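Visitor: Provide a 3D model corresponding to the input given below.
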Amino acid sequence: QRKLLGRGGFNDVHEVIVKSAKCEGDKEEEMMAMKSLKSSIMRERGQFYSGAVDLVMEAKLLNILRHKNIIHMYGTSCSHDSLDNTYRNGERFCLYLDHLHETVDQKFDQ
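Guide: Numbering: from 1, shown residues only. Coordinates of the predicted model:
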C-alpha cells in the first residue's frame, strides 16, 4: 500500500521508493512522489484524455523549467507512444517528482 500524499481533480500523488543504479551494480533507493491519474478517471475516455493531456502539459513544463524553487521532475512512465494505446490497454501515465516533506504554508511558517 502506497502512502497517499495528495489529491487533485484528475490525479493522486503517492509516495514511492524508486531503485536507481548510481554505479554499475550499485542500487540506491530514493523516495519520490508519483503523480498519476485517479482510477475513476481511467474508466471514462473523455475524463482520461482531459487528465492525461493535463499531465503531459505539466511534464513538458517541468522538463523546461529548472529552478531551485520549482519541483524537479525525474521522469515519466508510459509504455505506449500514444494516449489512445495507453487508454486501450488500461495503463497508467505518471510523473516521478521530488518528494516534498512539507507544504508551502509550513515552509512560510518557519
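Visitor: So which residue of this protein lies furthest out from the middle?
Guide: Gln110 (27.4 Å; C-alpha atoms, centre = their mean).
Visitor: which residues touch Leu62?
Guide: 70-73, 95, 97 (C-beta atoms under 8 Å, 6 or more residues apart in numbering). In short, each C-beta sits where N, CA and C put it, glycine included.
Visitor: ChimeraX command for the buried members of these?
Guide: Buried residues among those (16 or more other C-beta atoms under 10 Å), as a ChimeraX selection:
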select :73,95,97
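Visitor: Of the contacts of Leu62, which belong to strands?
Guide: 73, 95, 97 (DSSP state E).
Visitor: Now tabulate the residues you listed in CSV and tack on distance to Glu29 and pLDDT.
Guide: Output for those, formatted as CSV (distance: C-beta to C-beta, whole Å; pLDDT from 0 to 100):
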residue, distance to Glu29, pLDDT
Met73, 19, 89
Leu95, 19, 89
Leu97, 16, 91
